[in-house]
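*Asks:* Task: produce atomic coordinates for the following.
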Amino acid sequence: MAMGRPREFNPEDVLDKAMTLFWEHGYDGVSISDLTSATGVNRRSLYAEFGSKEQLFYKAVDRYLAGPGGFVGAAMAAPTAWGIAYAMAHGAADAYTDPASPRGCLLVQGALAAGEEAAPIQADLADRRAAGVKLLTERFAMAQQEGELPGVDPQVIARWIHAVCQGISIQACSGATREELHEVADRALKAWPEPPARE
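*Replies:* Modelled structure (predicted):
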């Protein structure tokens with residue numbers, strides 16, 4: 001049985017480079033030529049490995065969520081609702097100003113697209129953001145059952161924290177410093193519906 005030609009590139013490296021391009025320029029701002037130039041992989045090989053630009057984008061988003069965007073998962077492990085909110089807001093300030101990465105959040109920046117071609121991308125990113133709100137709502141509802149957040153709607157609080165994080169992303173892209181965004185996070189969290197538990 002004849003063996004196929006060995007792959008001449010590392011798909012993980014290609015994903016990293018594609019993720020950075022989409023993060024910096026959004027889906028519409030990246031062409032196949034941009035991808036081939038940045039990755040050093042020709043068009044045919046890119047399509048053979050990833051299927052299409054759209055499918056490559058989705059895989060790049062998955063990679064982002066498992067890597068630079070992973071602060072969200074870490075925040076969910078906090079033992080209290082306050083701890084989750086604090087870790088989300090301050091984690092966003094750190095992640096979105098990391099000097100080793102593009103500024104802002106890929107799920108926000110990638111959605112800054114227009115035209116019919118980008119409609120599925122916008123829908124996918126909206127679904128991912130909605131799933132994040134749902135997960136946070138469920139976590140806050142659990143905390144409420146344990147005595148936290150009395151008398152408030154967990155979904156409203158979840159949407160608020162997500163709005164804070166998205167605002168931090170946009171401010172980071174506009175040039176706000178990490179220190180300034182931590183101050184923004186602190187100011188936003190002063191509206192928390194109950195004082196944080198003191199141990």
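
*Asks:* Residue 169 - how many residues pack around it?
*Replies:* Applying other CB atoms under 10 Å, we find 23 other residues in the vicinity of residue 169. In short, each C-beta sits where N, CA and C put it, glycine included.

*Asks:* Report whether the expected contact of it with residue 102 is present.
*Replies:* No: under the contact definition of CB atoms under 8 Å, residue 169 does not touch residue 102, with a separation of 10.8 Å.

*Asks:* Common neighbours of the two, please.
*Replies:* residue 109 (CB atoms under 8 Å, 6 or more residues apart in numbering).

*Asks:* buried stuff in the lengthiest helix in the chain?
*Replies:* In the chain, taking DSSP state H as the definition, the longest helix is helix 119-145. Across helix 119-145, burial judged by 16 or more other CB atoms under 10 Å covers 121-122, 124-125, 128-129, 132-133, 136-137, 139-141, 143-144.

*Asks:* One more: stretch 84-101?
*Replies:* Buried residues in stretch 84-101 (16+ other CB under 10 Å): 84-93, 95-97, 101.

*Asks:* C-alpha coordinates for the host helix or strand of residue 163, CSV please?
*Replies:* Secondary structure assignment for residue 163, by DSSP states H and E: helix 154-173. This file holds the C-alpha atoms of helix 154-173, laid out as CSV (Å, rounded to 0.1, in the frame of the first residue of the first chain):
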residue,chain,number,x,y,z
PRO,A,154,-28.9,35.1,38.5
GLN,A,155,-29.2,35.7,34.8
VAL,A,156,-29.2,39.5,35.1
ILE,A,157,-26.0,39.2,37.2
ALA,A,158,-24.4,36.9,34.7
ARG,A,159,-25.2,39.2,31.8
TRP,A,160,-23.8,42.1,33.7
ILE,A,161,-20.5,40.4,34.4
HIS,A,162,-20.3,39.4,30.7
ALA,A,163,-21.0,43.0,29.7
VAL,A,164,-18.2,44.2,32.0
CYS,A,165,-15.8,41.7,30.4
GLN,A,166,-16.8,42.7,26.9
GLY,A,167,-16.4,46.4,27.8
ILE,A,168,-12.9,45.6,29.1
SER,A,169,-12.1,43.9,25.8
ILE,A,170,-13.2,47.0,23.8
GLN,A,171,-11.3,49.3,26.1
ALA,A,172,-8.2,47.2,25.8
CYS,A,173,-8.4,47.4,22.1
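
*Asks:* Before I go, just wanted to say thanks for your time.
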